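Enquirer: return atomic coordinates for the entry below.
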Amino acid sequence: MAIRIYLDEILKERNMTSKELCKRVGITEANLSILRSGKAKGVRFGTLNKICYYLQCQAGDILRFDGQLEDEV
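Expert: Just a heads-up that it's a prediction; the model follows:
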């Protein structure tokens with residue numbers, strides 16, 4: 001995957017559980033799990049906005065480009 005997800009690291013830094021973030025953002029634990037695992041094909045800007053707001057971080061703290069071009073399957 002060309003985009004790496006660092007949500008677990010940010011959650012640990014903020015001493016917040018994924019369950020707590022789900023409640024605040026208004027998404028299911030299953031959907032957050034898909035995002036955390038890096039298996040999500042996309043994320044809505046509204047969801048990303050809420051995640052960044054509640055974690056007090058930038059989108060670039062969570063999503064990082066690894067420098068590789070991902071081939072589409």
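Enquirer: surely residue 33 touches residue 19?
Expert: No. Judged on C-beta atoms under 8 Å, residue 33 makes no contact with residue 19 at a distance of 10.6 Å. Just so you know, the C-beta spots here come from the backbone N, C-alpha and C atoms, and that holds for glycine as well.
Enquirer: what segments of the chain are strands?
Expert: Listed in chain order, the strands found in the chain under DSSP state E are 3-5, 63-65.
Enquirer: can you give the distance of stretch 36-43 from its chain's centre?
Expert: Using C-alpha atoms, centre = their mean, to the nearest Å, the mean C-alpha position of stretch 36-43 is found 7 Å from that of the whole chain.
Enquirer: sorry, wrong one. I was asking about stretch 66-73.
Expert: Stretch 66-73 has its C-alpha centroid displaced from the chain centroid by 18 Å (C-alpha atoms, centre = their mean).
Enquirer: can you give me the mean pLDDT across it?
Expert: Stretch 66-73 comes out with an average pLDDT of 75.
Enquirer: which parts of it are buried?
Expert: For stretch 66-73, the buried set under the neighbour-count rule, 16 or more other C-beta atoms under 10 Å, is empty.
Enquirer: related to what we said a few turns ago, Serialize the strands of the chain to a markdown table and add fields for distance to residue 44 and mean neighbour count.
Expert: Output for the strands of the chain, formatted as a markdown table (distance: least, C-beta to C-beta, whole Å; neighbours: other C-beta atoms under 10 Å):
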| stretch | distance to residue 44 | mean neighbour count |
| --- | --- | --- |
| strand 3-5 | 15 | 14 |
| strand 63-65 | 13 | 12 |
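Enquirer: no further questions, thank you.
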